[in-house]
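In: Predicted model, plus sequence, below.
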Number of protein chains: 4
Amino acid sequence: MEKVIKVGILGAGRIGKLHAINILGMQDAEILVIADPFANQETEEWAYSIGVKNISKDPDDVFNNPDVNTVFICSSTDTHIDFITKAATAGKHIFCEKPIGLDVDQIKAALEIVDKAGVKLQVGFVRRFDHNHKQVRDLVLEGKVGDPHLVKISSRDPQRPPMEYVKVSGGIFMDMMIHDFDMARYLAGSDVEEVFTMGSVLIDPAFAEYDDVDTAMVMLKFKNGALGFIDNSRESNYGYDQRTEVFGSKGCAAVTNDTSNTAVLTTAEGVFSEKPLWFFLERYNDAFIAEVRAFFDAINNDTETPVTGIDGLRPVQIAYAAAKSLKDGLPVKIDSL
Amino acid sequence: MEKVIKVGILGAGRIGKLHAINILGMQDAEILVIADPFANQETEEWAYSIGVKNISKDPDDVFNNPDVNTVFICSSTDTHIDFITKAATAGKHIFCEKPIGLDVDQIKAALEIVDKAGVKLQVGFVRRFDHNHKQVRDLVLEGKVGDPHLVKISSRDPQRPPMEYVKVSGGIFMDMMIHDFDMARYLAGSDVEEVFTMGSVLIDPAFAEYDDVDTAMVMLKFKNGALGFIDNSRESNYGYDQRTEVFGSKGCAAVTNDTSNTAVLTTAEGVFSEKPLWFFLERYNDAFIAEVRAFFDAINNDTETPVTGIDGLRPVQIAYAAAKSLKDGLPVKIDSL
Amino acid sequence: MEKVIKVGILGAGRIGKLHAINILGMQDAEILVIADPFANQETEEWAYSIGVKNISKDPDDVFNNPDVNTVFICSSTDTHIDFITKAATAGKHIFCEKPIGLDVDQIKAALEIVDKAGVKLQVGFVRRFDHNHKQVRDLVLEGKVGDPHLVKISSRDPQRPPMEYVKVSGGIFMDMMIHDFDMARYLAGSDVEEVFTMGSVLIDPAFAEYDDVDTAMVMLKFKNGALGFIDNSRESNYGYDQRTEVFGSKGCAAVTNDTSNTAVLTTAEGVFSEKPLWFFLERYNDAFIAEVRAFFDAINNDTETPVTGIDGLRPVQIAYAAAKSLKDGLPVKIDSL
Amino acid sequence: MEKVIKVGILGAGRIGKLHAINILGMQDAEILVIADPFANQETEEWAYSIGVKNISKDPDDVFNNPDVNTVFICSSTDTHIDFITKAATAGKHIFCEKPIGLDVDQIKAALEIVDKAGVKLQVGFVRRFDHNHKQVRDLVLEGKVGDPHLVKISSRDPQRPPMEYVKVSGGIFMDMMIHDFDMARYLAGSDVEEVFTMGSVLIDPAFAEYDDVDTAMVMLKFKNGALGFIDNSRESNYGYDQRTEVFGSKGCAAVTNDTSNTAVLTTAEGVFSEKPLWFFLERYNDAFIAEVRAFFDAINNDTETPVTGIDGLRPVQIAYAAAKSLKDGLPVKIDSL
C-alpha cells in the first residue's frame, strides 16, 4: 500500500516513541522526521533502530518539511498551542496529545486557525478507543440503555507519580481526570453544565505542598439532564482501575478491568484471580493503535476526526471548573468561567 | 428453649408481618400480641394462621401488657417517636423500623428517654446484616483495604413506587437513600461531615409535582477524611441494584448483586445470565432474619445493639442535609442544621 | 391450612432430622411419629424440642399407625426395600432417600408393589431441586441449548469421609456418584446406554484397602446419542464443587458454584473472592426444602412425583455398570447387567 | 538489532502468511525466501507488500539457500517429514506446524536425523503459549494445585469445516483434538498411558460419510496416575470454546474464554455479555507471536525448544490410539500401537 501519510513527530519522549512504533505498523503511513529539542544519542539510536533516519532538535524541521503532511504533537503541554498553530498554518494534519492546551482563549484561537486551514485535528483521548469503554458507548448509541440517567467513572492509577511530576502536572484535574471528563462527555453524549468537587490528601501529604489533592470526586450535571460522577485516586496499589458505567431508562451498561489472563485458582485458602493490568501502556496498548488508525482513516476519507478540537477544549474547561469548585467549596457552572 | 423474649408488634403491614414470621422462627421468642388500628378480618386470619391469637386495634394493649418485654415498631413513621417513648417508659426493649422519626429534636428527646429507661433500642437498617455488604464491612474492619479513602454505594429500586406513596414518603432522601446514608456510615466507620447533592426528574415528571426527584447523587465528606458517593434511582427495570465498594490505602472491596442462580447460557445470540433479585424482600430475606437474631442476642447478652439510636438519628440528619443541598444548590454541613 | 399430610419418619439420623425440620415448615403437613431403632435420650430431646412427641424404636409403629399417610425413609440403605414394601402395603405415600436399594431385582419387585398400591413414591435425588442445576435443565427443556450433545458434571466433596464410612458406603459409584448419574439422566433427558470408567487412588491409599477409588471419571453414552461425562473426587479441600454443563446444537448452559457472598477484594497481593459453599447441607439447603414441597404437591394434586421409582432404579444400575467397567477395564452396557 | 535469524518459509497458505507477518515483527529475524508450489500472482503481491522479494515454487530454493539458517514448515502435512529431513540435513533450524507427520515410524526416523544434525526443532502447538492455558500450567508448576488428579479440556470450534476439508483432515483426533492431546500432556506434566473414546455424529451426517465423528470425548490415564478428559465439538455456534482445568491435591486452576470486551448490559430482558472470541486467529493471535519468539530465543540461547520433536510425536500416537478406541469400542494403551 502506498505510504500516503507522511508523518513528522514532535517530541520523542515516552508517548512520542509509542506513537512512532504504532505508526510504523500502519501500511499507509511513514515517518519522515522526528524533532525533539532534547534529542540525544539514545534518541538517535532508537530512531535508527526503527528505521527513521531524520532526527532533528528543531521543530521547524517538521513544519518546514514540504513532504510531511501530518504531524504528531507529543511534546510538553506548553508547546501544544504553538505547534498546532504552526502545523495548521503549514497545512498539515494534526494529532495532538492531551491536554490540547492550558489556556482556554489560546485553545479557541488555535482551533479557529485549524478550522480556516481546513486540516484535520485529533486530540489524544485514547480511552475512547478502548474495547471496553467503546462498547459501553456503542450500547448507549444503540439505545440499549435508553436515555442516560447516570454516568459513572472510576479511574485510579496504580502508583503515585514522582513529586517532580506533580509539581508541573497542572494538578489532578488537568493531568489525570481530564481523561475522565472526556470519557464523561463521550459516554453521556452530552456536554457538561456544572460540576462539584470534593478532594482530599489521603495518600501522601506532599501533594498538599503543591496545592494538589491525591483523591478526588467530581459530580457532573450534563446538559441533557443526566448526572455524572468521577472518582480518581493517585494510588490503587493493585493496578490501573478503569471502570465505566452508564445507567439509563432501559438498563445499565458497565465494564470491569482487563486482566492478563482468566485463570482462577481455588484452594483451601480462597479463590484467586488476576489483578487489573498494571497501567495505561498495558491497558490501552491496543487503543493507542486504534486511535492512530482512526485518525489516518479520517484523513484518507476526509471525514471528521473522532476526537475533535472542541473535544479537546471542553475537558480543559471542565478541569478548570472542577479545580475551582474544590477551591471554593461550591458548584461551578462551566459557562461561568 | 424457653421463650424468654415476649414480643408485641405494632403495625401489621408488610414489614410487621415479615418480622412476625421471622420472630416465629426464633427458638427464644414468642409473639404475645399484635396491635394495628387498621386490623381487619384479613389481619386476624393471618395472625391466627401463624398462631397469634391476641390481635388488637389499640397500641396500648402492647404497652400495657406486663408480659410483653419487647416491642417491634412497624407502624407508620409518624407514630415512631410516640411509640418509642411509650415502650421505653414501660420498660420494654424496642426494635424500630427506619426512619426512627422525622424531627431531629423529637428523636433526640426520645433517645434520652430510652437511655434513662435502660432498654435496648435497635433501628431497622437491615442492610447491615446482608451477607454481601457485611463482608465489605468485615474486610474493612480486618484492615484488608487499609484506611478507607472512597466509599461508593449504588442503590436502585426496580420500579417507581405509586404516586400516593411518593406523596407521603418524605422524599427520596428520607425514604430511600436513608438506607444508603446508614450504609455509608457503616462502611466508612465514620460520621458524615458534609454533603452535596444533585438530583433530576428523569423517570416520571410526576415526581416533580411532589417536589421530589427520581434520580439523585449525593457526595459525602466523612469526618475521617474519606470521601463518599451514593447514587439512587427509583426505577432500574432490571431488579434491585445494591452495590457497595470501599477503596482504601491497601486495596478495594466491592460486591455485586445476588441472583437467583448462577446459570450462564452461551449461544450464537450472546451470553445470558440472571438479573439481580427483584426487590428487598428477595434480596434482604436472610438479612431480615439476621437483624432480629442480632437484636435478640443483644437483649439476651445485655450488649449494645448493632444499630443504635444514634445510628437511627444520623441518617435522618444526613437526609435533611442532602435535601437542603439539592434545594439550595450548595454543599451542606450536617452540623449546620 | 389443614395438616392433610401426616408424616411418619423412619430414621432420625442427620438426614432424617433435616427432613423433619423442613416438614415442620410446611403448612399442610405434620409429623405424627418418628421411629428409629437407635433412638436414645438425645433423639427424644431433639424430637421434643421440635414438638414431636411420639418417638419409637419400632418401625412398625409407623406402618401400623392408621393416621400416618406418608412415610419418609431416612434409615440405612439396607432397610429401604423392606420399608418401601411395608409402607406401600400399608397404603402410605413414600419418600425414600437415595439409593433406593442395592439389589436391582429387589428394587424392581418393590416398585411393582408400589405401583399396585397406587401410592406416591419419590426418591431423594435432591440436586434436581437445586436452583442452579434446575435452571440448566429448564434451559434444556425450553430448547435454549438445542439438542443435547454433551452433558458434563463435576462433583467433588470437600473432605474425604471417615474410613468406617468408606467400608460400608457401597463404593464411590453407589454412594457418591449415584447423584451424578441421576443428574446426567435429568439434564440429558435420556437414559444411559453404556458407560466407561477410569479411577485412581490419589488422595488416600486407605481407599484401596476397601477396594474403592477416591478419584473417578465416568463417560456415558445416552440413548438419544448424546455423550456424558462425570468426574468425582473425594476431597477438594476448597469446598463442595458442584458444576453441571449441557452443550447442544444451539449453545451451552453451565453453572458455577454458590458462595456465601459476592465480595471481591483487590489488593497488591491479588484478587480474592469466596470459596464454594462447604458441603451439601449448605449448598442444597433450599433444595432439600423444595424436594419435600414437590413431593407434597404431587400427593395433594395426585400427579407423578418429580423423581419416580424408575428414577431411583436407573442410577443404581448405572453405578453397578460403572463399578464393573472400572474393574474390567472395559465399557459396560447398562442392559447387559 | 542484527537480523541473525534468516528464515525460509515453506508454504504460503493461511498459517504461512500468519507466521510471516509475525516474523517481520521480530527485531532479530528476516525472511529471505518463501517457497510454495502453488504460489501465484496473489502470493507474489502479498509477499511484495510485506517486503519479501524472493518467492519460489520450488522448496529446494529454501533448503539450498546457504543464507537461510531457519525454516518454517507451513506446507501440507504430507510434506512435513520430507521437509524436516531436508532442512535438518541442510543444518537449518526447523519450526514445523502440527501435526509433525502422520506415520509414527517416519516421524521417529526424522527426529533421529534432526538429533544428529543438532538443529533446533519446534512443533507448532501454539496453545502452550496462550496467556490462559500457560497460567494454568504455571500454577501447576508452582505447586499451587498440588499433585494433578484431574485434567479437563474443552475444545469446540465455532463452525463445522467444509466437507472437502473433512475428507482430507485425517479425522477429528488427528486434525482437531491433537492440540488437546498436547495440552493434556502439557498441563499434566506427564505422558499418556491409555485412552478411551466415545464419539457421535450429531452435527452433520456428512461426517459419517468420511468415517469421522463431529462430537467426541476422550478419557486419558496419565503415567503419573492422574486422569484426563477432553471433549471436542466441530460446531459450537457461539465461538471458539477453549477451556482447561487442572484439579489436584491442593486445589483447582481453571480458565474461561477470552472475549472482545468486558461490557455487561443489564436490562429487563436479562444480563448480556460477550461471546468467546470467534476462532483461533482471534483467540491465539498473541500466542502465535509468542511461540515464534520462544523458538527464536531457543536458537539464540542454544536451549531446548519449548515444544520438542517428542512433543510433536506423542499427540500423533495418542490420536491413533483415540481413533482406534472409537473404532473398537475398547480402551487402548498408547504403547500397544
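Out: Arrived safely. Keep in mind that this is a model prediction, so the values were computed, not measured.

In: which ones are touching the residue nearest the centre of chain A?
Out: Nearest to the geometric centre of chain A sits residue A:125, at 3.0 Å (CA atoms, centre = their mean). Residue A:125 sits next to A:98, A:179, A:182-183, A:186, A:307, A:311-312, A:315 when contact means CB atoms under 8 Å, 6 or more residues apart in numbering or on different chains. Every residue, glycine included, has its C-beta placed from N, CA and C.

In: run the last query once more with 7 Å
Out: Counting by CB atoms under 7 Å, 6 or more residues apart in numbering or on different chains, residue A:125 makes contact with A:98, A:179, A:182, A:307, A:311.

In: Inside helices: which ones of the residues you listed?
Out: In helices, defined here by DSSP state H, the members of these are A:179, A:182, A:311.

In: How many neighbouring residues does the closest residue to the last one other than its chain neighbours have?
Out: Spatially, and ignoring its direct neighbours in sequence, residue A:311 is nearest to residue A:123 (5.8 Å; CB to CB, 6 or more residues apart in numbering or on different chains). The local packing count at residue A:123 equals 29, with neighbours defined by other CB atoms under 10 Å in any protein chain shown.

In: just curious, which of the ones in helices among the contacts of residue A:125 is nearest to chain C?
Out: Taking CB to the nearest CB as the measure, chain C sits nearest to residue A:179 out of those, at 20.9 Å.

In: Contacts only, for the nearest residue to residue A:52 once chain neighbours are set aside.
Out: Excluding the flanking residues, the one nearest residue A:52 by CB to CB, 6+ apart is residue A:31, at 5.0 Å. Applying CB under 7 Å, 6+ apart to residue A:31 gives the contacts A:7, A:9, A:20, A:23-24, A:52.

In: ok, back up a step: check whether the residue nearest to residue A:311 really touches residue A:100, as I assumed.
Out: Yes: the pair residue A:123 / residue A:100 is scored as a contact, 5.3 Å apart, by CB atoms under 7 Å.

In: Between those two, which contacts overlap?
Out: By CB under 7 Å, 6+ apart, the residues touching both residue A:123 and residue A:100 are residue A:312.

In: number of nearby residues for the residue of the stretch 51-200 of chain A found nearest chain C?
Out: Proximity of the stretch 51-200 of chain A to chain C (CB to the nearest CB) peaks at residue A:158, 9.1 Å away. Look at residue A:158: counted by other CB under 10 Å, it has 21 neighbours.

In: who's in contact with the residue nearest to residue A:311?
Out: So residue A:123 contacts A:96, A:98, A:100, A:307, A:309, A:311-312 (CB under 7 Å, 6+ apart).

In: And the residues you listed, which two are furthest apart?
Out: Pairwise distances across the contacts of residue A:123 (CB to CB) peak at 12.0 Å, for the pair A:98 and A:309.

In: can you map out the strands along the stretch 201-337 of chain A?
Out: A:215-222, A:227-233, A:241-248, A:251-254, A:264-267, A:270-273, A:332-333 (DSSP state E, counting those that start in this stretch).

In: Could you export the fourth one as CSV, CA atoms only?
Out: Spelled out, it's strand A:251-254. C-alpha atoms of strand A:251-254 as CSV (Å, rounded to 0.1, in the frame of the first residue of the first chain):
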residue,chain,number,x,y,z
GLY,A,251,-30.9,-0.6,31.8
CYS,A,252,-27.2,-0.4,32.7
ALA,A,253,-24.0,-1.0,30.7
ALA,A,254,-20.8,-1.4,32.7
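
In: who does that strand touch, helix- and strand-wise?
Out: helix A:131-141, strand A:241-248, strand D:264-267 (3 or more CB pairs under 7 Å, 6 or more residues apart in numbering or on different chains; DSSP states H and E).

In: show me the contacts for the residue lying farthest from the centre of chain A.
Out: Most distant residue from the mean C-alpha position of chain A: residue A:268, 43.0 Å away (CA atoms, centre = their mean). Contacts for residue A:268 (CB under 7 Å, 6+ apart) come out as C:237-238, D:251.

In: if we can go back for a sec, deepest in the core, which of the helices and strands packed on strand A:251-254 is it.
Out: Between the helices and strands packed on strand A:251-254, strand A:241-248 has the highest mean count of neighbours, a mean of 25, where neighbours are mean count of other CB atoms under 10 Å in any protein chain shown.
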